[in-house]
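A.B. asks: below is the sequence, then the predicted model.
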Amino acid sequence: MGFFDKIKEGLQKTKENITQKVELVINSFTKIDEEFFEELEEILISCDIGATTSEDLCNKLREEVKKHGFTDPKDIKRALKSIIAEMLGGDNELKLETKPSVILVLGVNGVGKTTTIGKLANKFTQAGKKVLLAAADTFRAAAAEQLTIWAERANSPIVKQPEGSDPAAVVFDAISSAKAKGMDIVICDTAGRLHNKKNLMGELEKINRIIDRELTNASKEILLVLDASTGQNGLNQAEEFQKILDLTGIVLTKLDGTAHGGIVLSIKNKLGIPVKYIGVGEGIDDLQKFNAEEFAEALFDSDDETEE
């Protein structure tokens, strides 16, 4: 299965949720008027795109309609696809230019954080990179054991300490080991207990200080893993983590099992954080680099649609 097919299949439920509702609005209007836009905005809000982003989308759409003189509501779908691709575009690439570079991975428990780290490690090792994992989630029982399984699958060494150890000490040891062994990338797992924000905030800030001190001027990505099925709750999580550290990207998991993929638009539009990877399946290769145009294409692609 090709890359686009995987994205298309993974987005099927989200596509059904958004596209079918949008098409229902389009087909029930014979002209593009204010009533049409109001109805469309309500539909977009109901698709987990959020009130602010839905309003922004409709405003951009109004501009396109005015600019191109659209009179047929069917032109709307093509314009929407283009606006969504532009809204989600930008810098979706990981910046890993130094040796070693660091990826700090954040996220609440249950979002697929450990799995994401394992899949990232596998991608990098397959590309010939030397990857070291740091098991800095020392709070959750069995977190290090889970990460160890993924480290073995990805053929990557792992640095860990007993449960309850200082997470920053694990990261310090991992960086020291990475320097000594000439590793290319260090991927750090972290605890994700948002209900105890004060402790988590202190922990993450300390880890960040250690990285900046031990690897001054190194490339550093701070990725937040979100479960797409949580919908607007994912935006709330992103806002909370953004208060702690300056996030460089989002990894959106479990897209294949949810109709709530519209959340990706809210996060990018409201917080300005680019989506860098999306999870569209359980397999080790089902973590895909995010491509805004292909995402929009998969969302609005119709098998029976012919290009004019």
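C.D. replies: That came in fine, so what should we check first? Numbers count the residues shown, from 1 in each chain.
A.B. asks: and the gap between residue 110 and residue 192?
C.D. replies: According to CB to CB, to the nearest Å, residue 110 and residue 192 sit 8 Å apart. All C-beta atoms are positioned from the backbone trio N, CA, C, and that covers glycine.
A.B. asks: can you classify the spatially most central residue of the chain as helix, strand or coil?
C.D. replies: Against the mean C-alpha coordinate of the chain, by CA atoms, centre = their mean, the closest residue is residue 251 at 2.6 Å. Each residue gets one of three states, and residue 251 gets strand by DSSP: H, G, I helix; E, B strand; the rest coil.
A.B. asks: beta partners of it?
C.D. replies: Going by DSSP bridges, residue 251 is paired in beta bridges with residue 225, residue 277.
A.B. asks: which residues touch it?
C.D. replies: Taking CB atoms under 8 Å, 6 or more residues apart in numbering as the contact definition, residue 251 lies against 105, 116, 223, 224, 225, 226, 275, 276, 277, 278, 279, 287.
A.B. asks: swap in 7 Å and give it another go.
C.D. replies: Contact criterion CB atoms under 7 Å, 6 or more residues apart in numbering gives 116, 223, 225, 276, 277 as the residues in contact with residue 251.
A.B. asks: doesn't the first one belong to a helix?
C.D. replies: Yes - counting by three-state DSSP, residue 116 falls inside a helix.
A.B. asks: all strands of the stretch 151-300 of the chain, in order?
C.D. replies: 158-159, 185-190, 220-227, 249-253, 275-279, 287-289 (DSSP state E, counting those that start in this stretch).
A.B. asks: then the fourth one to CSV, C-alphas only?
C.D. replies: Output of strand 249-253 as CSV, limited to C-alpha atoms (Å, rounded to 0.1, in the frame of the first residue of the first chain):
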residue,chain,number,x,y,z
GLY,A,249,5.5,19.8,16.8
ILE,A,250,2.6,17.4,17.2
VAL,A,251,2.4,13.7,16.6
LEU,A,252,-1.3,12.8,16.1
THR,A,253,-1.9,9.1,16.8
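A.B. asks: any weak-confidence spans in the stretch 101-250 of the chain?
C.D. replies: Counting by pLDDT under 70, the ranges of the stretch 101-250 of the chain that qualify are 194-196.
A.B. asks: out of the strands of the stretch 151-300 of the chain, nearest to residue 61?
C.D. replies: The stretch from these with the least distance to residue 61 (CB to CB) is strand 275-279; that distance is 21.7 Å.
A.B. asks: neighbours of residue 239, how many?
C.D. replies: Counted with other CB atoms under 10 Å, residues neighbouring residue 239 total 12.
A.B. asks: swap that for residue 253, please
C.D. replies: Here the number of neighbours of residue 253 (other CB under 10 Å) works out to 26.
A.B. asks: so it makes contact with residue 114?
C.D. replies: No - between residue 253 and residue 114 no contact is recorded; they are 10.9 Å apart, counting by CB atoms under 7 Å.
A.B. asks: so how far is residue 82 from residue 67?
C.D. replies: When CB to CB is the yardstick, residue 67 and residue 82 sit 12 Å from each other.
A.B. asks: more crowded one of the two?
C.D. replies: When neighbours are counted by other CB under 10 Å, residue 82 comes out ahead of the other of residue 67 and residue 82, with 16 against 9.
A.B. asks: and residue 140, what element?
C.D. replies: Secondary structure from DSSP states H and E places residue 140 outside every helix and strand.
A.B. asks: contact partners for it?
C.D. replies: When the contact criterion is CB under 7 Å, 6+ apart, the partners of residue 140 are 109, 191.
A.B. asks: ok, residue 110 and residue 192, which is more surrounded?
C.D. replies: More crowded of residue 110 and residue 192, by other CB under 10 Å: residue 192, with 23 against 9.
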